[in-house]
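> Return a 3D structure for these sequence lines:
(one chain, ligands or ions: 3)
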Amino acid sequence: MPGTCVVGLQWGDEAKGKLVDILTESHEIVVRYQGGANAGHTVVSGGETWKLSLIPSGILRDDVTCVVTGGVVLDPANVIGEIDGLEARGVRVAGKLLFSDRAHVVFPWHMAEDKTLDGSVSDGEAIGTTGRGIGPCYRDKVGRSLAIRLGDLYRNDFKQKFDHVASIKQQLVGELDAAAIYEQYMAYAERLRPLVADTTAYLLDAVEASKPVLFEGAQGALLDIDHGTFPYVTSSNSSGVGVSSGSGVPGRWINRVIGVVKAYSTRVGGGPMPTEQDNAIGEHLRQRGREYGTVTQRPRRCGWFDAVAARYTARLSGADELAVMLLDVLGGLDELKICSAYRIGGQRVTQFPAHVDDLRNAEPEFETLPGWKEELSNVRSEADLPEAARRYIARIGELLGRPVSIVSVGPDREETIRCGGGA
Ligand code: GDP
Ligand code: IMO
Ligand code: MG
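Ligands and ions are numbered 1, 2, ... in the order given. A predicted model of the protein is given here:
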């Protein structure tokens, strides 16, 4: 059976990039199926660090084909910059990368709209987007009449479509140099032409031929547009439910879902985060975990592991197993806390609330576990972990109702522990 999916179960940045890089060893195709240049995935190998945004983390391996599907919103300038950056560092991209002709194209007006609208959620807290035009581009996709897909750029009537959209956008966002944007996007289109394909057909052929395909989620399930902490979410289905709609590959082909969690919680941007530690603990996690945004460099909000939230997203994403990342970051703390229930309006709640105000009012109920002092980065087997670290990951597995198959103890590929015969 061909399909494995890696999906973040928190608010993004769970170290999906590292995990995907490891798993590509046993996959031929790696697929990005939603999101856009809001993602920042880090891979560290042999002392070198790679930051990937739109291009799947599989690109670093020579025998892997990377596919960016129609569920993605594609910023051509960004993606060309990424390709150039990879090639300049000796990574072969030609012949290894495909972009869907169905992917929606991000234009400068989307970035302008993102900047203007981000501060305006009615309750006064900004979403704090990455400013990459993600929401406005998805809005145009759903609205249809102002949408431009990658395949449109190669049609004879593209100029007419462009002029129509640009004239309306001009009224919405103010002065635009439409002629210059058109010329620029025509140049991008020429550059990307050899990479554009019907990726739906490509992937259906691949899964039907039993090729091993790895789906790389972007963001995390709590940022899912339908199932996350709305409206403080991104504009795509970033939980496991997005794989099929984004890629065109039916769920029956995905036989293994790995839910990725950090050993604690982080969040970038606005919205409630019940276990946030705006104190010395949060600062400890931020410093040891180098918790600064990959895309925007914003300090990430840090807090204890939230098992109420992660159990919800593990179920929502159909996670079969868990990868617990950045466990090393917890070292040095006397005791550790895991949130196993909320108190909302005097009631004990273990179900993740649907309304953002209920989540805002949620007070976490914590379990306390012993910490450890040892550095974990040289540990390579579960048996060699300190007892307290073993207990901590076992408790996460128990609360989420899934086995932990991978534990990560450092950013490098090698700093990884495979547990109980998993992965
Ligand atoms: P992604 O968006 O889910 O791919 O995650 P990011 O790359 O945005 O953030 C994860 C960060 O943690 C990156 O800087 C990684 O290099 C780093 N990282 C990954 N695994 C580990 C780990 O086990 N320990 C530590 N200390 N850092 C890690
Ligand atoms: P990766 O793939 C963490 C957050 C933004 C903001 C909200 C909406 O690296 O895990 P958007 O620009 O998408 O409209 O912003 O979502 N966000 C992320 N947070 N990791 C990400 O991606 C994110 N992509 C978007 O900070 O709160
Ligand atoms: Mg990231």
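
> so what's the closest residue to ligand 3 within the stretch 151-300 of the chain up against?
Taking C-beta to the ion, ligand 3 has its nearest neighbour within the stretch 151-300 of the chain at residue 294, 4.5 Å off. C-betas here are computed from N, CA, C, even on glycine. For residue 294, the contacting residues are 13, 40, 41, 42, 51, by C-beta atoms under 8 Å, 6 or more residues apart in numbering.

> Also within reach of ligand 3: list those from the residues you listed.
13, 40 (C-beta under 5 Å from the ion).

> Need the buried ones from the contacts of residue 294 selected in PyMOL.
Restricted to buried positions by 16 or more other C-beta atoms under 10 Å, the PyMOL selection for those reads:
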select buried, resi 13+40+41+42
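
> For the stretch 151-300 of the chain, which segments are assigned as strands?
196-197, 213-216, 254-262, 265-267 (DSSP state E, counting those that start in this stretch).

> got a list of contacts for the second one?
With contacts defined as C-beta under 8 Å, 6+ apart, strand 213-216 is touched by 2-6, 16-17, 20, 23-24, 27-33, 41, 56-58, 203, 206-207, 243, 247, 249, 253-254.

> among the residues you listed, which are in reach of ligand 2?
residue 41 (C-beta under 6 Å from any ligand atom).

> Please flag which of the contacts of strand 213-216 sit within strands.
3, 4, 5, 6, 29, 30, 31, 32, 41, 254 (DSSP state E).

> Spatially, which residue comes closest to the third one, not counting chain neighbours?
Nearest residue to residue 5, sequence neighbours excluded (C-beta to C-beta, 6 or more residues apart in numbering): residue 215, at 4.1 Å.

> Next one: that neighbour from residue 369, what distance?
Residue 215 sits 33 Å away from residue 369 when distances are taken as C-beta to C-beta, to the nearest Å.

> CA-only coordinates of stretch 269-279 in PDB, if you can.
The C-alpha trace of stretch 269-279 is given here as PDB (Å, rounded to 0.1, in the frame of the first residue of the first chain):
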ATOM      1  CA  GLY A 269       0.600  34.700  15.600                       C
ATOM      2  CA  GLY A 270      -2.700  35.400  17.400                       C
ATOM      3  CA  GLY A 271      -5.400  33.200  18.900                       C
ATOM      4  CA  PRO A 272      -5.800  31.300  22.200                       C
ATOM      5  CA  MET A 273      -3.300  28.900  23.500                       C
ATOM      6  CA  PRO A 274      -4.400  27.500  26.900                       C
ATOM      7  CA  THR A 275      -1.000  26.100  28.000                       C
ATOM      8  CA  GLU A 276       1.100  29.200  27.000                       C
ATOM      9  CA  GLN A 277       3.800  30.000  29.500                       C
ATOM     10  CA  ASP A 278       4.500  33.700  29.300                       C
ATOM     11  CA  ASN A 279       7.200  33.400  31.900                       C
END
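
> hmm, back to that, just put the strands of the stretch 151-300 of the chain in CSV and tack on mean neighbour count.
Formatted as CSV, the strands of the stretch 151-300 of the chain follow (neighbours: other C-beta atoms under 10 Å):
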stretch, mean neighbour count
strand 196-197, 16
strand 213-216, 27
strand 254-262, 24
strand 265-267, 26
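
> ok, back up a step: let me know the closest of the contacts of residue 294 to residue 391.
residue 13 (25.2 Å; C-beta to C-beta).

> And the pLDDT at the nearest residue to that closest one once chain neighbours are set aside?
Distance criterion C-beta to C-beta, 6+ apart; nearest residue to residue 13, sequence neighbours excluded, is residue 266 at 5.9 Å. The model reports residue 266 with a pLDDT of 98.

> Residue 266: what's it in contact with?
The contact partners of residue 266, by C-beta under 8 Å, 6+ apart, come to 10, 11, 13, 285, 289, 291, 300, 301, 302, 303.

> so the second one touches residue 264, yeah?
Spelled out, it's residue 11. No. The pair residue 11 / residue 264 is not scored as a contact, 11.7 Å apart, by C-beta atoms under 8 Å.

> The residue in the stretch 301-423 of the chain that ligand 2 sits nearest to pairs with what?
Going by C-beta to the nearest ligand atom, ligand 2 is nearest to residue 301 of the stretch 301-423 of the chain, at 10.0 Å. When assigned by DSSP bridges, residue 301 has beta-bridge partners residue 267.
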